[in-house]
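A.B. asks: Fold the following and give me the result.
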Amino acid sequence: QVQLVESGGDSVQAGGSLRLSCAGSEYSYSSDAMAWFRQAPGKEREGVACIGGDGSRYADAVKGRFAISKDNDKSSLFLQMNNLIPEDTAMYYCARRDQYRCVLSADEYNYWGHGTQVTVSS
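C.D. replies: Numbering: from 1, shown residues only. Sure thing, here's the model as predicted:
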């Protein structure tokens, strides 16, 4: 059974940085697309960034501030978040799909972690 475990969430001030990590229980990351999503209270889950066999994609709101990367040897996914703003406050989720193409639609992902909380204060 695939398990994804996120870590790295914290409370920071605006302008700060965080690095989120996602550890997986199975080694198949070299071909599977993975992504970070986030969900703020009262809002729908939204795609933040994804990485797959066809490259990576970012939501407009985080372009230039966030960077997604993957370590296939350690079955890990990362999200480097810089210049954080209060609007980035949310629960962040790691997800994986059984396809190589990177997409930012939550419906396309098969496996999910339980999330890690990011809070940015002004």
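
A.B. asks: any weak-confidence spans in this structure?
C.D. replies: Within the chain, the ranges that satisfy pLDDT under 70 run 26-30, 74.

A.B. asks: Run through the strands of it in chain order.
C.D. replies: Ranges of strands within the chain are 4-7, 11-13, 18-24, 33-39, 46-52, 55-58, 66-71, 76-81, 90-97, 111-112, 116-121, based on DSSP state E.

A.B. asks: just the angle between the longest one and strand 33-39, please?
C.D. replies: When you say that, I think you mean strand 90-97. Orientation of strand 90-97 against strand 33-39 (axes from the mean of the first three to the mean of the last three C-alpha atoms, to 10 degrees) gives an angle of 160 degrees.

A.B. asks: again with the last one
C.D. replies: Our comparison of strand 116-121 with strand 33-39, counting by the same axes, to 10 degrees, yields an angle of 50 degrees.

A.B. asks: Just list what strand 116-121 packs against, helices and strands only.
C.D. replies: Counting contacts by 3 or more C-beta pairs under 8 Å, 6 or more residues apart in numbering; DSSP states H and E, strand 116-121 packs against strand 11-13, strand 18-24, strand 90-97. Yep, even glycine has a C-beta here, placed from its N, CA and C like the rest.

A.B. asks: Please work out which of the strands of the chain is packed deepest.
C.D. replies: Ranked by mean neighbour count, these are led by strand 33-39 with a mean of 24 (mean count of other C-beta atoms under 10 Å).

A.B. asks: got the angle between that one and strand 76-81?
C.D. replies: 50 degrees.

A.B. asks: Okay, and the beta partners of residue 37?
C.D. replies: residue 47, residue 93 (DSSP bridges).

A.B. asks: if I read this right, it contacts residue 92, doesn't it?
C.D. replies: Yes: counting by C-beta atoms under 8 Å, residue 92 is a contact partner of residue 37 at 7.3 Å.

A.B. asks: still on that earlier bit, can you tell which of the strands of the chain is closest to residue 105?
C.D. replies: strand 46-52 (6.6 Å; C-beta to C-beta).

A.B. asks: which helices and strands sit right next to that closest one?
C.D. replies: Counting contacts by 3+ C-beta pairs under 8 Å, 6+ apart, strand 46-52 is packed against strand 33-39, strand 55-58, strand 66-71, strand 76-81.
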